[in-house]
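K.L.:
Build me a model from this:
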Amino acid sequence: MKGIPEFSEHRLSNGLRILIGEVHSLPMITYQVHFAAGSRYERPGITGITHLFEHMMFKGTHEVGPEEFSRIIQTNGGTLNAFTTTDNTSYYENLPADRLELAARLEADRLQNLRLTDESLETEREVVRSERKLRSVNSPFGLLIEQLYALAYEQHSYRWPVVGWDYDLKNLNLEDCREYYRIHYAPNNAVVAIVGDTRTDEAFKTVEKYYGHIPSQPQPGLTITPEKPQRGEKRAVFKKVSQVSVFFAAFHIPGINHPDLIPLQILCVALSTGRSSRFFEKFEKPGKAVEVQAEMGYPPFFSMDPGLLQIYAIASPSTSIDGLEKEVWEEVENLRRQPLPGEEMKKVKKQARAYFLQGLQTLFFKGLLAGLYQVRAGDFRAMYSLMDRYESVTAEDVSRVAQKYLRPENRTVVTLQPVTQKEHEDLGEVE
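P.N.:
So this is what the prediction gives:
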């Protein structure tokens, strides 16, 4: 497909998968390591350990001191970061092309020689707990979204947040971390993606040099319980101090390999992307709502297992949240009953394709596509059909998925009810 290089695939005897895409437009590379390690793989009692471990991976090895990894990469003209999701933890460096060996050496070093100490655990534990407080507890809608997921999922591990529950974070110990590192941070649980100005045979030999001797580990013996079908609407009220009224709703949708995901994404574009979208025209433009959005992610960030399509609305001060919600569902019902008109369908398909193609301008996004499709979908080659899938979606497909998934029986709704500071305090502290 135009914009995505032809990746070559290699495997080491220890199970490490290596994906290499040559792009010689700039003397740069992106070096990425994607682990099948996300909050999906946790269990009650150790929620948040995956994200905590992302922090721990920067605390140094026997060869590289704490935080020195970042300094070395930056001194060599590179940038770096990491992120944790429900389905993966990923680390990356964007560097001059002649620094490929440096990235491989540093990443392989912390894959096998990470220094795990009580001191570093305590430090990072408090950093992550503060992050949880900032992003969830003290954010306008963080706890509301946590309530939504906990209500929508009764069995699957997507029901807890990636950052974890505070009680679990407080009680994680060094042995938990060592066991998690041993099992999940193994070469047979990782994908290395390299994109840029390199030669495939040289890049493969470099990775093999630094990773080839690292032993594989047994696969995690964790059973991930699939979510059962929802057979009726679920509702909850969340009370907190707030200046606005809002509701968040979620509909169960399939996982990354399902053909309905692209029509569902185009449905979300039609509802809420841009100033010509249906939600903007109906609610934001006339001042009924501050914001109304429909979202479900985009390639390669579709969830591995069946996920959620979310619709949320923030009411204007003069608008009743109950009345706003009723009108939102009426607008969704219009989409379920009537296919998108021809010109609107052309517009939203163009918007969806353009967003995807804009991402492909960077080496970084090319690497993400390959690495995350391998981890989440089980085969990086699935990414090559994406543009054809966008092209082939019809207005009837969008109506069909709207009818199939945006049903009241498949809906979970959490409404924020503003309360006074005293009422908030009487309800008890949230951590």
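K.L.:
Tell me which residue is most central in this structure.
P.N.:
The chain has residue 85 as the residue nearest its centroid, 4.5 Å off, counting by CA atoms, centre = their mean.
K.L.:
Which pLDDT value goes with the residue nearest to that one when sequence neighbours are not counted?
P.N.:
Using CB to CB, 6 or more residues apart in numbering and skipping residues adjacent in sequence, the residue nearest residue 85 is residue 38, 5.3 Å away. No exception for glycine: its C-beta is placed from N, CA and C like everyone else's. Note on residue 38: pLDDT of 96.
K.L.:
And for residue 431?
P.N.:
84.
K.L.:
Now that it has come up, it's in contact with residue 166, right?
P.N.:
Yes. Look at residue 431 against residue 166 with CB atoms under 8 Å: they come within range, at 3.9 Å.
K.L.:
Which one's more surrounded, those two?
P.N.:
Taking other CB atoms under 10 Å, residue 431 and residue 166 do not tie; residue 166 has more neighbours (18 against 12).
K.L.:
quick one: the more buried one and residue 428, what's the gap?
P.N.:
Distance of residue 166 to residue 428, given as CB to CB, to the nearest Å: 13 Å.
K.L.:
about what we covered before: name all residues that make contact with the residue nearest to residue 85.
P.N.:
50, 84, 85, 86, 87, 88, 89, 162 (CB atoms under 8 Å, 6 or more residues apart in numbering).
K.L.:
Recalculate using a threshold of 6 Å.
P.N.:
For residue 38, the contact set (CB atoms under 6 Å, 6 or more residues apart in numbering) comprises 50, 85, 86, 87, 88.
K.L.:
Distance check, it against residue 256.
P.N.:
For residue 38, the distance to residue 256 - CB to CB - is 13 Å.
K.L.:
try residue 63
P.N.:
Residue 63 is 37 Å from residue 256, by CB to CB.
K.L.:
With neighbour numbers in mind, choose between these two.
P.N.:
Taking neighbours as other CB under 10 Å, residue 63 and residue 256 compare with residue 256 leading, 23 against 12.
K.L.:
Does the more buried one belong to a helix, a strand or coil?
P.N.:
coil (DSSP: H, G, I helix; E, B strand; the rest coil).
K.L.:
hang on, it packs against residue 377?
P.N.:
Yes. Counting by CB atoms under 6 Å, residue 256 touches residue 377, with 4.9 Å between them.
K.L.:
next one: stretch 85-98 to chain centre, how far?
P.N.:
14 Å (CA atoms, centre = their mean, to the nearest Å).
K.L.:
buried sites along that stretch?
P.N.:
85, 86, 87, 88, 89, 90, 91, 92, 93, 94, 95, 96 (16 or more other CB atoms under 10 Å).
K.L.:
hmm, which two among these are most spread apart?
P.N.:
Across those, the longest distance by CB to CB is 33.2 Å; it joins 86 and 96.
K.L.:
what are the ranges of the strands in the protein?
P.N.:
8-11, 17-22, 28-35, 79-84, 89-96, 190-196, 234-240, 246-253, 289-295, 307-315, 411-418 (DSSP state E).
K.L.:
JSON lines for these, including distance to residue 301 and mean pLDDT?
P.N.:
Shown next, in JSON lines, are the strands of the chain (distance: least, CB to CB, whole Å; pLDDT from 0 to 100):
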{"stretch": "strand 8-11", "distance to residue 301": "22", "mean pLDDT": "98"}
{"stretch": "strand 17-22", "distance to residue 301": "18", "mean pLDDT": "98"}
{"stretch": "strand 28-35", "distance to residue 301": "12", "mean pLDDT": "98"}
{"stretch": "strand 79-84", "distance to residue 301": "10", "mean pLDDT": "98"}
{"stretch": "strand 89-96", "distance to residue 301": "11", "mean pLDDT": "98"}
{"stretch": "strand 190-196", "distance to residue 301": "15", "mean pLDDT": "98"}
{"stretch": "strand 234-240", "distance to residue 301": "25", "mean pLDDT": "96"}
{"stretch": "strand 246-253", "distance to residue 301": "13", "mean pLDDT": "98"}
{"stretch": "strand 289-295", "distance to residue 301": "11", "mean pLDDT": "98"}
{"stretch": "strand 307-315", "distance to residue 301": "10", "mean pLDDT": "98"}
{"stretch": "strand 411-418", "distance to residue 301": "21", "mean pLDDT": "96"}
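K.L.:
Can I get those in JSON lines including distance to residue 265?
P.N.:
Formatted as JSON lines, the strands of the chain follow (distance: least, CB to CB, whole Å):
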{"stretch": "strand 8-11", "distance to residue 265": "27"}
{"stretch": "strand 17-22", "distance to residue 265": "24"}
{"stretch": "strand 28-35", "distance to residue 265": "22"}
{"stretch": "strand 79-84", "distance to residue 265": "21"}
{"stretch": "strand 89-96", "distance to residue 265": "21"}
{"stretch": "strand 190-196", "distance to residue 265": "23"}
{"stretch": "strand 234-240", "distance to residue 265": "24"}
{"stretch": "strand 246-253", "distance to residue 265": "10"}
{"stretch": "strand 289-295", "distance to residue 265": "9"}
{"stretch": "strand 307-315", "distance to residue 265": "9"}
{"stretch": "strand 411-418", "distance to residue 265": "19"}
